[in-house]
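Student: Need a 3D model of the following:
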Amino acid sequence: MSRRSLLVRIGVPAAALAMFAGCSPSPATAIELDGARVSESTITRYADGCSKMLDAGGGAGQYTPGDIRRVVVSYVGEGMIADQLAREYGVTLSDSDMDQAKQALGNARGLLADNDCAQAVDGQLRLTALVLSAKGKNVQKDAASLAPVVNPRYGAWSPTDFAVAGTGSLSKLSTDR
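Tutor: A predicted model of the protein is given here:
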């Protein structure tokens, strides 16, 4: 093998890895926003809890593990956004705000029965509570301006849906950016 051939074989993959390293969290990070990171192991714990609750509620087999993980990452991302906006607004969410947000969950309140799943769903609750309590603030517009960085295995953050969207594949890049 020639020296040039060896350099091409090593150099092209190394350049590709360097290019992706700057725009995505580490493989051990599921989602990140302004320095706050949530690990893959945390997402696994939350997703396992939500899977148990879905199974207990008669939803066994209706969702793939990947679907559940994407939803959990979305919930966590919503919470990260809510936390950042609450700090910017100088708002502290009250128990009453959180209770109102729980009522908005409807039938999905059953997910709160598992502590790990409840920790994930709490992200969505915090964003809902912020919308309900931050009078005079355009939470939706401000939230859309924040973009958590999502591990590409899940897809990409959709600022209009406040959720992970796309293919969730490293071999097929997400088109929802």
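Student: Which parts of stretch 53-61 count as buried, going by neighbours?
Tutor: Under the neighbour-count criterion of 16 or more other Cβ atoms under 10 Å, stretch 53-61 has 53-54 buried. Any C-beta I mention is one placed from the backbone N, CA and C, and that applies to glycine too.
Student: Then stretch 99-111?
Tutor: 101-102, 111.
Student: Send me it as PDB with only the CA atoms.
Tutor: Extracted as PDB, the C-alpha positions of stretch 99-111 are listed here (Å, rounded to 0.1, in the frame of the first residue of the first chain):
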ATOM      1  CA  ASP A  99     -50.600  21.200  39.100                       C
ATOM      2  CA  GLN A 100     -52.200  23.100  36.300                       C
ATOM      3  CA  ALA A 101     -49.700  21.700  33.900                       C
ATOM      4  CA  LYS A 102     -50.300  18.200  35.200                       C
ATOM      5  CA  GLN A 103     -54.000  18.600  34.500                       C
ATOM      6  CA  ALA A 104     -53.100  19.400  30.900                       C
ATOM      7  CA  LEU A 105     -51.500  16.000  30.600                       C
ATOM      8  CA  GLY A 106     -54.900  14.300  30.600                       C
ATOM      9  CA  ASN A 107     -54.700  10.500  30.300                       C
ATOM     10  CA  ALA A 108     -50.900  10.700  30.100                       C
ATOM     11  CA  ARG A 109     -50.800  11.500  33.800                       C
ATOM     12  CA  GLY A 110     -50.300   7.700  34.300                       C
ATOM     13  CA  LEU A 111     -46.700   8.200  33.200                       C
END
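Student: So which helix or strand of this protein has the lowest pLDDT on average?
Tutor: Least confident element among the helices and strands of the chain, by mean pLDDT, DSSP states H and E: helix 3-21 (a mean of 40).
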